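In: mind looking at a prediction? Sequence and model below.
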Amino acid sequence: NGRAEFDENSFDLFLETGRLSKLTLHEGTINLKDLSGDTTGDFAFRVSGPISDTLWVIDHDPLNYAKKLEVDPSDVQGDVAFDLNLSFPLIQSLLLDDIQIGVVADLSNISWRQALLGLDATEGELHLALDNKAMEVDGRMRLGSTPAELSWKENFPASAPIATELSLRATVDDVGRAEAGMDFSPILIGSTPLEVDLSSAGRGAATVEIRADLTQASLVLEDFDWRKERGVAGSAEARLTIENGALIDLPALTVIGGGLRVVGDLDFVADNAFSGANFSELSFGDNRLNGSVHLVDDGYAVLLRGESLDASPFFEEEEDDSKTKDATDEALPPLSLDIAVDRLKLGPKRNLGQTTAVLERDALAWRRVIVEAEMIGETAEARPKLDIRFAPVPEGQELTVLAEDAGVALRTLDLIDNVIGGTMAITGKKASADPEAPLEGKVLVENYRVVDAPVLARLLTLASLSGMVDTLSGKGIQFDQFNAPFVYAQGVITITEA
C-alpha cells in the first residue's frame, strides 16, 4: 500500500505497508530519476521479520550475500528489523558493482546452528551494518552454554588483504571447553577469561590468536607432582591455523603461571588429530627442559634435552606399589624416551650429573633401557660413572649395571645408604621377552666398607685385629667382595648361595 507522485522526469513511490515472504515492510520510498535519460533509482525501506527470510532474499542474484558468508539461511533463526538503502541505474545488464547498498539492522533472539567450533549460537542480540565494501556485526550471544561478546567484519572486495575478521570475548568454564572439544581436565580446571581473534584472507585457511587469563583456574601436572592453585597469576597464548573448519597447525603456544613456563608449538593431522608437540622451553618445579613429543604408531616418542629433569615423582613409593605398577603397565601406550640432561633428580638429595638415557616400552613392559650417567661423588670433583643396560638379545633380554662407586650408586638409587666406595656389577638375563619371564643374574660388589652396621656385625669384626681397628676408628667394616646370585620373578628377588 502507498501512493505515487510523478512527472515527465521522475517517478516517486511512498510505501506505507508491504510484504515479501514473511518480511513486513513498515515504510519505504522509491525514487526514479531522469526518466528521459540515464535513469537511476534510489530505494529506502524499513523492514522487519524472520532473519532466515532476509538471508533468503539477499542470497538472490546479483547479491548472493549468504553464499559469500558461507551461511545456509535455514541454519539461522530469529528476528530482524532493518533499514535498507539501494541505489542503481535502471539497466537490463545490471551488475553487482552497479548497485550501491547500505543496511543497518538490529537482530534479536538469534540462533545459528553450528556457528563456530561445532557449537550452536543462541540468544543472539546483534547490530549489523553493511555496504558494498564490508559487513560489520557487533553484539552478544551464547556459544553452547558460554555467553560471549562478538565483533565480526567481512570485507567483500576480492582485493581486500583480509576477508574475515572475527573477535570473541568470553569467560569459559570446564563445561564450555568440553562442548568445544577442548576438555583439558584434569590439567586445567576452572573459569578462564578468553580473547579470540580470527583473520582469514579468504575461503579455506584462517589464523586464530587466543589469549587466556588462567589466574582463577588451577593447573595440575599430576604425574610430575606440580600444580598452580587458583588465585595464582597465569596466562596462555596460542596462534593456530584452521582450514575448512579443521585445526591443522598450532605454530605458537605459551603458558605461564605458578613457576610454569611452556613455549612451543603443536602439530595436527586430519580430523583435528594431535600428532606432536615441540617445546623450546619447558620449565616447572626442578625441570628446565626443551624437547618434543610425537605420536608414533599408537604410541609416543619423547625427546628431552636441557639443564635438569625431575624424575622423582616416578620413583616415589605407592601405598600398594605392585598393584599400582601393574595397573599402570596395562594402561600406558607404547613409549620411547630419549633423554640428555645435565642433572637428573631421582629424589631428595639424590641426583645424577650429566645423564643420557634411551628407554623403550610396548603396551606390556619396558623392552630397552640404556642409561649412561655421571654420579655425584664423595667430593665435588668426583664424577664416578653409572651404566645401566637392559636390552633385547636373540635369546631374550640381558641386564648389565656397572657402577664405578658402589656406595654412591646404592644411595642415589635409594637402595642402601651405609655402603662406602667399592665397585658394583650386576648382570642378568631373561630367557624370553615375556614380561613374566624370570630374570636370573648376579650382584658383585668389591672393595667396599659398611658404616653404621648392626651390633652383631660389629661384634663379628672383632675376631680380627684389622676389624677391631676399623670398627674403633669409625671407618666401618671393610669387605673384599659381596657375590649374590639372584632370581627376580613376579616382583620378588630370591637370593641363593650368596
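Out: That came in fine, so what should we check first?

In: does Glu209 touch Arg239 like I think?
Out: Yes. Contact criterion C-beta atoms under 8 Å: Glu209 and Arg239 qualify, at 5.5 Å. Using the backbone N, CA and C atoms, a C-beta is placed for each residue, glycine as well.

In: looks to me like Gly28 is in a strand.
Out: Yes. Counting by DSSP: H, G, I helix; E, B strand; the rest coil, Gly28 is found in a strand.

In: list the contacts of it.
Out: 2, 13-15, 18, 43-46 (C-beta atoms under 8 Å, 6 or more residues apart in numbering).

In: just flag the most distant two among those residues.
Out: Within the contacts of Gly28, two members stand farthest from each other by C-beta to C-beta: Leu13 and Arg46, at 14.2 Å.

In: quick one: the residue nearest the centre of the chain from Phe274, how far?
Out: Nearest residue to the geometric centre of the chain (C-alpha atoms, centre = their mean): Leu266, 7.3 Å. Noted for Leu266: a distance of 7 Å to Phe274, by C-beta to C-beta, to the nearest Å.

In: ends of stretch 60-71, what's the gap?
Out: Using C-alpha to C-alpha, to the nearest Å, the end-to-end distance of stretch 60-71 comes to 13 Å.

In: give the rounded mean pLDDT of it.
Out: Per-residue pLDDT over stretch 60-71 has a mean of 72.

In: what's that stretch in contact with?
Out: Against stretch 60-71 from outside (C-beta under 8 Å, 6+ apart): 55-56, 58-59, 72-73, 94-96, 99, 101, 112, 130, 135, 154, 156, 203.

In: burial measure for Glu165, as a count.
Out: Neighbourhood size, Glu165 [other C-beta atoms under 10 Å]: 16.

In: which strand runs longest in the chain?
Out: In the chain, taking DSSP state E as the definition, the longest strand is strand 100-116.

In: which positions in whichever helix or strand comes after it come out as buried?
Out: As assigned by DSSP states H and E, the chain's next helix or strand after strand 100-116 is strand 119-131. Using 16 or more other C-beta atoms under 10 Å as the test for burial, strand 119-131 gives 119-122, 124, 126, 128, 130.

In: between the residues you listed, which is nearest Thr494?
Out: Top of the list for closeness to Thr494, among these and by C-beta to C-beta, is Leu119 at 60.1 Å.

In: which stretches of the stretch 1-150 of the chain form strands?
Out: 2-6, 10-15, 18-20, 23-33, 40-50, 76-89, 100-116, 119-131, 134-143, 146-155 (DSSP state E, counting those that start in this stretch).

In: how about those strands, which one is nearest Gly396?
Out: Gly396 lies closest, by C-beta to C-beta, to one member of those: strand 119-131, at 54.1 Å.

In: so what touches the closest one?
Out: 65, 78, 82, 100-115, 135-144, 150, 179-180.

In: report the buried members of those.
Out: 65, 78, 82, 101, 103, 105, 107, 110-112, 115, 135, 137, 139, 141-144, 150, 179-180.

In: any idea how far Val172 lies from Met182?
Out: Counting by C-beta to C-beta - Val172 and Met182 are separated by 9 Å.

In: so for those two, which sits in the more crowded spot?
Out: In terms of neighbours (other C-beta under 10 Å), Val172 is the more surrounded of Val172 and Met182; the figures are 26 against 12.

In: show me what that one bridges to in the sheet.
Out: Beta bridges link Val172 to Thr192, judged by DSSP bridges.

In: dump the residue contacts of it.
Out: 146, 180, 191-192, 194.

In: what about 7 Å?
Out: Residues counted as contacts of Val172 (C-beta atoms under 7 Å, 6 or more residues apart in numbering) are 146, 191-192, 194.

In: Lys429: which of the residues you listed is nearest?
Out: Thr192 (53.2 Å).
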